[in-house]
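Visitor: the following block contains a protein sequence and its predicted model.
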Amino acid sequence: MTGSDRVTTDLPADRPLREWPLEQLAEQATLHASDASALAALMQEVRHRRGAPAKALEARIARMIADGTAAAAAPVDPTVRLRATLAAAGREIAVLRARLAALDPAGVASDRDAAYRRLYLTPDAPAWLLTEIRRAYRRRYHPDTAADQQQRRRSEEVFKRAEADFAAIEKLRGS
């Protein structure tokens with residue numbers, strides 16, 4: 001048997017999406033929200049997965065299928081469909097915000113981590129990364145590097161804010 005005669009299938013025919021991670025399945029569900037057959041195939045694969053994220057994705061795909069069957073019954077104006085999608089996204093955001101508020105009711109973590117967020121860092125960032133990012137901010141936003149006066153003022157504002165944030169991080173870390 002030569003290499004061209006041999007037929008190999010890496011994935012079983014009953015579950016062609018077995019190797020896909022949940023994130024990819026969720027992305028495909030979003031991309032193909034109006035395609036009932038694609039959603040059904042994604043739903044079939046997600047049902048084989050275990051864990052809370054899989055169950056949440058299964059519920060989300062089920063809602064998409066239900067929304068799609070209602071939409072397939074009567075033609076819908078694209079504007080109406082977009083508004084419905086935005087309303088669903090708004091509801092999902094509200095649920096996620098409520099879950100986040102339940103995890104940190106006093107907002108303590110958000111106040112403490114504000115300096116990290118403004119610099120696009122996480123609190124567990126290593127010290128060497130902080131040093132390199134601080135150098136990069138200094139190179140990019142130092143007022144002396146700006147050509148015109150307006151750009152110089154903007155650079156100075158950003159530079160001072162970044163330096164204050166780096167000082168706050170150092171204080172938090174006890175450096």
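Guide: Structure's in. What do you need?
Visitor: any idea which helix or strand carries the residue most central in space within the chain?
Guide: Nearest to the mean C-alpha position of the chain, counting by C-alpha atoms, centre = their mean, stands Glu23 at 9.9 Å. Assessed by DSSP states H and E, Glu23 sits inside helix 22-31.
Visitor: and whichever helix or strand comes after that helix with helix 22-31, angle?
Guide: Using DSSP H and E, the helix or strand that directly follows helix 22-31 along the chain is helix 36-46. On the basis of axes from the mean of the first three to the mean of the last three C-alpha atoms, to 10 degrees, helix 36-46 is oriented at 160 degrees to helix 22-31.
Visitor: got the contact list for the helix or strand containing Ile61?
Guide: Element membership for Ile61, per DSSP H and E: helix 52-73. The contact list for helix 52-73 (C-beta atoms under 8 Å, 6 or more residues apart in numbering) reads 22, 25-26, 29, 33-34, 36, 39-40, 42-43, 46-47, 49, 81, 84, 88. Glycine gets a C-beta too; all of them are placed from N, C-alpha and C.
Visitor: try 10 Å this time
Guide: The contact list for helix 52-73 (C-beta atoms under 10 Å, 6 or more residues apart in numbering) reads 22-23, 25-26, 28-30, 32-36, 39-40, 42-49, 51, 76, 80-81, 84-85, 88, 92.
Visitor: stretch 145-164 too?
Guide: 115, 118-119, 133-134, 136-144.
Visitor: the bottom helix or strand of this protein by mean pLDDT?
Guide: One helix or strand of the chain scores below all others by mean pLDDT, DSSP states H and E: helix 108-112, with a mean of 62.
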